[in-house]
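1. Sequence and predicted structure, then a few things I'm wondering about:
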Amino acid sequence: MQRILNDPDNIVNESTAGFLRAHPDIVTTTANPRAIQSVFNHDDRVGVVTGGGSGHKPAFVGFCGENLCDAIAIGEICSSPTAQAFLDAFKAADRGKGVACLYGNYSGDNMNVKMAVRMAKKEGLTVKTVVCNDDAASAPPEEKNKRRGIAGEVIMYKIGGAAAATGADLDEVIRLAQKAVDQTRSIGIGLTPCTLPAVGHPNFEIKPGTMEVGVGPHGEPGMEVCELETAAQMAERMVNVIMGDDLPLEAGDEISLLVNGMGATPLNELYLLFDEAAKCLEEKGLKIYKSYVGNFLTSMDMMGASITVTKLDDELKPLLDMPCYGMGLKQR
């Protein structure tokens with residue numbers, strides 16, 4: 001393993017220090033080194049918080065900023081933040097209007113967020129949650145509550161942060177963030193495994209000449225392993241899974257299309273995949289209103305990509321259009 005490292009066991013602390021030093025115009029510290037906060041303080045807004053394991057940058061720290069999340073809880077590589085880190089992020093984001101905690105559907109996050117919400121209640125903080133479960137490959141529609149959160153979380157942060165910026169109350173922020181989740185579906189394809197720095201070797205296997213459809217960001221099994229396909233075939237396969245799910249998409253609907261790299265995929269390949277996915281969706285009569293291409297929720301050094309489709313309406317479009325400023329998402 002050839003990496004830019006000092007001590008593999010200290011990479012999260014050192015990476016966070018570098019992130020804070022590089023982006024003082026966006027983020028700053030809290031009393032807890034595993035919780036950071038936005039420098040954009042708005043006393044009249046609902047606070048928005050997320051968090052998750054490290055190794056997925058720009059998620060999750062990259063979505064702290066103006067009209068995005070107000071504070072982030074930071075976990076170890078591919079591990080949930082502690083309940084204390086979530087609690088301290090809640091405290092940093094709270095401005096007396098309550099806190100919306102928007103996070104992905106993973107067992108450690110579920111456990112620690114629930115614990116932190118109980119701890120917050122004892123301290124007089126009101127925290128409500130939305131759990132993102134956009135990964136259409138990870139469970140059938142009738143078991144959506146078991147699905148993982150992947151790059152659709154970015155849309156949830158964008159909608160939730162924008163809703164808070166409009167002055168919406170906590171219940172309305174939660175409603176709109178949940179609506180964004182409900183109208184979003186994602187699926188990914190992995191081409192190579194990822195390597196955890198402290199382990200030094202891949203934590204699962206994808207054989208050369210094959211690809212794993214629906215692989216999770218930590219190497220969770222996908223829907224199937226098949227022979228490597230062309231970009232056009234990959235795009236068609238992924239679009240067909242999303243269109244075949246329970247999201248009621250019809251010709252004429254407006255959508256956002258987000259193509260997310262898993263960490264090691266060159267941008268030129270992501271734009272190629274975007275073009276192929278866009279053609280597939282447009283052939284089905286869908287209209288792409290907003291486009292995103294880049295690394296948003298990665299898996300260390302995994303090669304591969306995911307696509308995320310969100311069905312939009314007149315309520316979600318203005319929130320998606322709202323300017324924002326974070327390391328992982330800048331929009332004018």
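-> Structure's in. What do you need? Numbers count the residues shown, from 1 in each chain.
2. Please name the residues that touch Glu66.
-> Glu66 is in contact with Ile26, Ser38, Phe40, Pro323, Cys324, Tyr325, Gly326, counting by CB atoms under 8 Å, 6 or more residues apart in numbering. Every C-beta, even on glycine, is put in place using the N, C-alpha and C of the backbone.
3. Which pLDDT value does the model give it?
-> Glu66 is assigned 98 on the pLDDT scale.
4. same question, Met327
-> pLDDT for Met327: 98.
5. Pull the number of nearby residues for it.
-> Met327 has 19 neighbouring residues, counting by other CB atoms under 10 Å.
6. ok, and the closest non-adjacent residue to it?
-> Spatially, and ignoring its direct neighbours in sequence, Met327 is nearest to Gly62 (4.2 Å; CB to CB, 6 or more residues apart in numbering).
7. hey, where'd the strands end up in the stretch 151-300 of the chain?
-> For the stretch 151-300 of the chain, the strands defined by DSSP state E, counting those that start in this stretch occupy 184-190, 210-213, 224-227, 254-261, 287-294.
8. Just name the most buried of these.
-> strand 184-190 (a mean of 29; mean count of other CB atoms under 10 Å).
9. which residues touch it?
-> By CB under 8 Å, 6+ apart, strand 184-190 touches 132, 134-137, 150-152, 155-156, 206, 211-217, 222, 234, 237-238, 241-242, 245, 247, 260, 262, 299, 302-311.
10. contacting residues around whatever helix or strand Glu76 lives in?
-> Per DSSP states H and E: Glu76 is located in strand 71-77. Identification of contacts with strand 71-77 by CB under 8 Å, 6+ apart yields 11-12, 16, 30, 34-38, 47, 49-55, 60-61, 63-64, 81-82, 85-86, 88-90, 92-93, 108, 196-198, 300.
11. Run a quick neighbour tally on Ser79.
-> Counted with other CB under 10 Å, Ser79 comes out at 17.
12. and what of the one 4 residues further on?
-> Counted with other CB under 10 Å, residues neighbouring Ala83 total 19.
13. And for Met156?
-> Residues near Met156, counting by other CB under 10 Å, number 28.
14. Settle this for me: it is touching Val130, isn't it.
-> Yes. With contact defined as CB atoms under 8 Å, Met156 reaches Val130; the gap is 6.6 Å.
15. Identify the contacts common to those two.
-> Shared contacts of Met156 and Val130, counting by CB under 8 Å, 6+ apart, come down to Leu102, Ala177, Val181.
16. which stretches of the stretch 1-150 of the chain have low pLDDT?
-> Along the stretch 1-150 of the chain, no part satisfies pLDDT under 70.
17. Report the residue spans of the stretch 151-300 of the chain with pLDDT below the cut-off.
-> In the stretch 151-300 of the chain, no residues with pLDDT under 70.
18. tell me the helices in it, going along the chain?
-> Residue ranges of the helices in the stretch 151-300 of the chain, as given by DSSP state H, counting those that start in this stretch, are 152-165, 170-182, 231-243, 267-283.
19. Distance to Asn145 added to those helices, as TSV?
-> Converted to TSV, those look like this (distance: least, CB to CB, whole Å):
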stretch	distance to Asn145
helix 152-165	15
helix 170-182	12
helix 231-243	19
helix 267-283	27
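20. looking at those, which is buried most?
-> On a mean-neighbour basis (criterion: mean count of other CB under 10 Å), the most buried of the helices of the stretch 151-300 of the chain is helix 152-165, at a mean of 29.
21. how long is stretch 216-236 end to end?
-> With CA to CA, to the nearest Å as the measure, stretch 216-236 spans 19 Å from end to end.
22. ok now it, how far from the chain's centre?
-> Here stretch 216-236 shows a centroid-to-chain-centroid distance of 19 Å under the convention CA atoms, centre = their mean, to the nearest Å.
23. hang on, the earlier thing: now the strands of the stretch 151-300 of the chain as a markdown table including distance to Glu76?
-> Output for the strands of the stretch 151-300 of the chain, formatted as a markdown table (distance: least, CB to CB, whole Å):
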| stretch | distance to Glu76 |
| --- | --- |
| strand 184-190 | 22 |
| strand 210-213 | 24 |
| strand 224-227 | 29 |
| strand 254-261 | 22 |
| strand 287-294 | 25 |
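24. Identify whichever of the ones you listed lies nearest to Glu123.
-> strand 184-190 (32.5 Å; CB to CB).
25. Next, the angle from the closest one to helix 152-165.
-> Strand 184-190 and helix 152-165 are oriented at 150 degrees to each other (axes from the mean of the first three to the mean of the last three CA atoms, to 10 degrees).
26. can I get the CA coordinates of strand 184-190 in CSV?
-> Below are the C-alpha coordinates for strand 184-190, written out as CSV (Å, rounded to 0.1, in the frame of the first residue of the first chain):
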residue,chain,number,x,y,z
THR,A,184,-34.7,10.1,-4.7
ARG,A,185,-33.2,6.8,-5.8
SER,A,186,-29.6,5.8,-6.4
ILE,A,187,-27.5,2.8,-7.5
GLY,A,188,-23.8,2.3,-7.8
ILE,A,189,-21.4,0.1,-9.6
GLY,A,190,-18.0,-0.9,-8.1
